[in-house]
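A.B. asks: show me the folded form of this:
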Amino acid sequence: MNMQKWKERSRIQNELMRKLLCEFMATTFLIYVGLAVDAQMVLSRAQLNSHPAHSMGWGLALLFAVQMALPVSGAHLNPAVSLCAWLFDDFPLVHFLLYSIVQISGAFVDKIAEFDGGVRAVYGPKATAVVFATYPGEHLSILGAVIDQTCCTAMLCFIIGVITDKHAQIPRVAQPTMMGLMLTAINMAFGLNAGNAANPARDFGPRLFTLLVGYGWEVFSYNSFGWFWVPIVCPFFGAIVGTLAYQLLVSAQLGPTEEEKLLENSTNSSAEPSLAKAQ
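C.D. replies: Take a look at the predicted model:
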């Protein structure tokens, strides 16, 4: 049996299941590579990865993850992005919930491959929990962290709007590269604050994993339970702010695209004979 026949037989017939599988695989790849970049930087005390190299590593991980998932699932890879697709597009609520589950699952599962059972410390000079989930810099207050996570995710979703808007005429094949560069730029600018999670799945999945493998409840109780919710909750608000800002301040000012104008004209033309016949 040749490979083409194997591919035909293994193809999942349910479209939603195909999309969920693709989101799971792409999110797993993104977090696996991205947190491996984190591990090299943390465990080598920044001897192997500088901050620019760290930012570029995450950007490249996103580039390939988006390239992997874009033709099938739309490459959300982020529950906050899926939320905006539900709120501002025709993305069904059930799909948003299922996408979020598989994204968090992908971010959780990939850590099994990276965990080595070594010394487990949440904070201090030998802390390794930061390899998995995000934690704030010593200079950052909770209010500052809320602003940081909200603004970073807002910028992320604003630029996603720029890249995917039909007015921009960015070829679909170039969009993954643009998104990778976007994440690199945001991480280089704001990563010092709290690792620039900007993705609830990227933080919650690995944080839950560290709890289960022995880091203890400190991964949630850190800073008197004042931190853990910030990179999980704030990206949702940031995504809404960024998407709304783009839709109202940019997209609304551009008007309909040529494709939308042609569609509207054809709709009006097809409606005219029916109206004349009715008269």
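A.B. asks: let me see the contact set for the closest residue to Ala168 other than its chain neighbours.
C.D. replies: Taking C-beta to C-beta, 6 or more residues apart in numbering, and ignoring the residues beside it in sequence, Ala168 has Val162 as its nearest neighbour in space, at 6.1 Å. The C-beta positions use only the backbone N, C-alpha and C, and glycine is treated the same way. Contact partners of Val162, counting by C-beta atoms under 8 Å, 6 or more residues apart in numbering, are 168, 246, 250.
A.B. asks: okay, and the second one sits in which element?
C.D. replies: Per DSSP states H and E, Tyr246 falls inside helix 230-246.
A.B. asks: contact partners of that helix?
C.D. replies: Contacting residues not belonging to helix 230-246 are listed as 78-81, 83-84, 87-88, 133-134, 136, 142, 145-146, 149-158, 160-162, 165, 194, 197-200, 202-204 [C-beta under 8 Å, 6+ apart].
A.B. asks: are any of those buried, and which?
C.D. replies: For these, a neighbour count by 16 or more other C-beta atoms under 10 Å gives the buried set as 78-81, 83-84, 88, 133-134, 136, 145-146, 149-158, 160-162, 165, 194, 197-200, 202-204.
A.B. asks: inside helices: which ones of these?
C.D. replies: With helices taken from DSSP state H, the overlap with the buried ones among the contacts of helix 230-246 comprises 79-81, 83-84, 88, 145-146, 149-158, 160-162, 194, 200, 202-204.
A.B. asks: nearest residue to the middle of this protein?
C.D. replies: In the chain, the residue lying closest to the centroid (C-alpha atoms, centre = their mean) is Asn78, at 3.2 Å.
A.B. asks: do you know how far it is from Gly137?
C.D. replies: Asn78 sits 23 Å away from Gly137, going by C-beta to C-beta, to the nearest Å.
A.B. asks: next one: Ala61
C.D. replies: For Ala61, the distance to Gly137 equals 22 Å [C-beta to C-beta].
A.B. asks: between the two, who's got more neighbours?
C.D. replies: Ala61 (21 against 13; other C-beta atoms under 10 Å).
A.B. asks: which residues touch that one?
C.D. replies: Taking C-beta under 8 Å, 6+ apart as the contact definition, Ala61 lies against 29-30, 33-34, 37, 180.
A.B. asks: tell me the pLDDT at it?
C.D. replies: What the model reports for Ala61 is a pLDDT of 96.
A.B. asks: mind checking how far the longest helix seen in the chain is from the chain centre?
C.D. replies: Taking DSSP H as the assignment, the helix of the chain that covers the most residues is helix 15-43. What separates the centre of helix 15-43 from the centre of its chain is 10 Å, taken as C-alpha atoms, centre = their mean, to the nearest Å.
A.B. asks: what is it packed up against?
C.D. replies: Counting contacts by 3 or more C-beta pairs under 8 Å, 6 or more residues apart in numbering; DSSP states H and E, the secondary-structure elements packed against helix 15-43 are helix 51-73, helix 93-114, helix 200-210.
A.B. asks: the residue nearest to Ala168 and Ala194, how far apart?
C.D. replies: Val162 sits 24 Å away from Ala194, taking C-beta to C-beta as the criterion.
A.B. asks: same check, this time on Ala39
C.D. replies: If you go by C-beta to C-beta, the gap between Ala39 and Ala194 works out to 17 Å.
A.B. asks: can you verify my assumption that Gly74 contacts Ala85?
C.D. replies: Yes: A contact is recorded between Gly74 and Ala85 when judged using C-beta atoms under 8 Å, the distance being 7.5 Å.
A.B. asks: hang on, the earlier thing: of the contacts of Ala61, which is the nearest to Leu97?
C.D. replies: Taking C-beta to C-beta as the measure, Leu97 lies nearest Leu30 of these, at 20.2 Å.
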